[in-house]
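J.: Below is the sequence, then the predicted model.
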Amino acid sequence: MIGNSLGGRIALQMAEDDSSRLRRMVLMGSPGVGMTVTDGLTALRGYEPSLDNMRALLTGYFAVDTSIITEDLVRVRYQASAAPGAHEAYRSMFFDPRHAGNDLGITADQVRAVRVPTLLVHGLEDKVVPAEVSWTMVNLLPDADLHVFARCGHWTQIERAAEFNALVGGFLRGAGSPR
C-alpha cells in the first residue's frame with residue numbers, strides 16, 4: 001500500500017483495522033501524530049475549485065521547484081477537484097466534528113500497534129505536512145524506516161521521481177529494511 005498525504009492516513013487506518021491485508025506500506029508526506037496546522041494545510045482545506053485557486057495552491061504549497069507545475073497539471077487537478085460531489089466530500093472530512101483533530105484522529109498508541117513494515121518518505125520543505133511528523137511517526141512505528149528528500153516539498157513522488165521510484169521499488173520488493 002502506498003499513500004500520499006491523506007492517502008497515507010487512510011493506509012495507516014487499513015493497517016490498524018486489518019494488517020493481514022498489507023505486506024508493506026509506504027507513507028508519503030502523511031499526517032499523523034504531532035501534526036500541526038500549517039499554512040499549506042490551511043490553504044488546502046480552504047481551497048475552492050477554480051483554475052486560479054488550484055494554480056496558487058500547487059505553486060505556493062506543493063512543490064519546491066514550481067517549474068513542474070504545468071498548465072496541464074493545474075487543469076487535471078482542478079477538474080478532479082470540481083467533479084460532482086468531490087469538493088463536498090473532501091470538505092466534509094475537515095469540517096465534520098468527528099474529524100476535528102489536526103492529526104485526523106490517530107493516537108500514538110494506535111501507531112505503535114501497527115506491525116506492517118513501513119517506509120516513510122517526506123520532503124524536507126513540505127509546506128502541507130511538516131517533515132517533523134514523519135520523524136515522530138518513525139519513532140512510534142515498530143518496523144519503519146524514514147527517507148527525507150532535500151529540496152523537496154509535498155510531492156516527493158513527482159519532485160524526486162527517479163530517486164523515489166528506486167527507493168520505493170526496492171522497499172516493496174523487500175530489499176533492505178524494514179523487514
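T.: The structure has been received and is ready for your questions.
J.: Now do the same contact list for residue 74.
T.: 51, 54, 55, 58 (CB atoms under 8 Å, 6 or more residues apart in numbering). Every C-beta, even on glycine, is put in place using the N, C-alpha and C of the backbone.
J.: Okay, it and residue 21: tell me how far apart.
T.: 35 Å (CB to CB, to the nearest Å).
J.: Filter the contacts of residue 74 down to the ones in strands?
T.: Per DSSP state E, strands hold no members of these.
J.: May I see those organised as CSV, with neighbour count added?
T.: CSV is the format used below for those (neighbours: other CB atoms under 10 Å):
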residue, neighbour count
51, 14
54, 23
55, 18
58, 21
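J.: Residue 134: which of those residues is nearest?
T.: residue 58 (21.5 Å; CB to CB).
J.: show me what contacts the closest one?
T.: Per CB under 8 Å, 6+ apart, neighbours of residue 58: 66, 69, 73, 74, 77.
J.: dump the residue contacts of the last one.
T.: Taking CB under 8 Å, 6+ apart as the definition of contact, the neighbours of residue 77 are 54, 58.
J.: Wait, a helix at it?
T.: Yes. Counting by DSSP: H, G, I helix; E, B strand; the rest coil, residue 77 falls inside a helix.
J.: where's it relative to residue 58, distance?
T.: 7 Å.
J.: sorry, back to before: out of the contacts of residue 74, flag the one nearest to residue 149.
T.: residue 58 (17.9 Å).
J.: what ranges do the helices span in this structure?
T.: Counting by DSSP state H, one finds helices in the chain at the ranges 6-17, 39-46, 51-57, 71-81, 86-95, 108-112, 131-140, 156-159, 161-173.
J.: of all those, which lies closest to residue 120?
T.: helix 131-140 (4.5 Å).
J.: what's that closest one packed up against?
T.: Judged by 3 or more CB pairs under 8 Å, 6 or more residues apart in numbering; DSSP states H and E, helix 131-140 is in contact with helix 108-112, strand 118-123, strand 144-149.
J.: helices and strands of this structure: which one bottoms out on pLDDT?
T.: Across the helices and strands of the chain, the lowest-confidence element by mean pLDDT, DSSP states H and E is helix 86-95, at a mean of 74.
J.: so that helix versus helix 39-46, what angle?
T.: Relative orientation of helix 86-95 versus helix 39-46 (axes from the mean of the first three to the mean of the last three CA atoms, to 10 degrees): 120 degrees.
J.: what residue ranges in this structure score low on pLDDT?
T.: Scanning the chain for pLDDT under 70 picks out the ranges 93-104, 175-179.
J.: coming back round to it: can you put the helices and strands packed on helix 131-140 in JSON lines and add distance to residue 1?
T.: Converted to JSON lines, these look like this (distance: least, CB to CB, whole Å):
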{"stretch": "helix 108-112", "distance to residue 1": "15"}
{"stretch": "strand 118-123", "distance to residue 1": "10"}
{"stretch": "strand 144-149", "distance to residue 1": "14"}
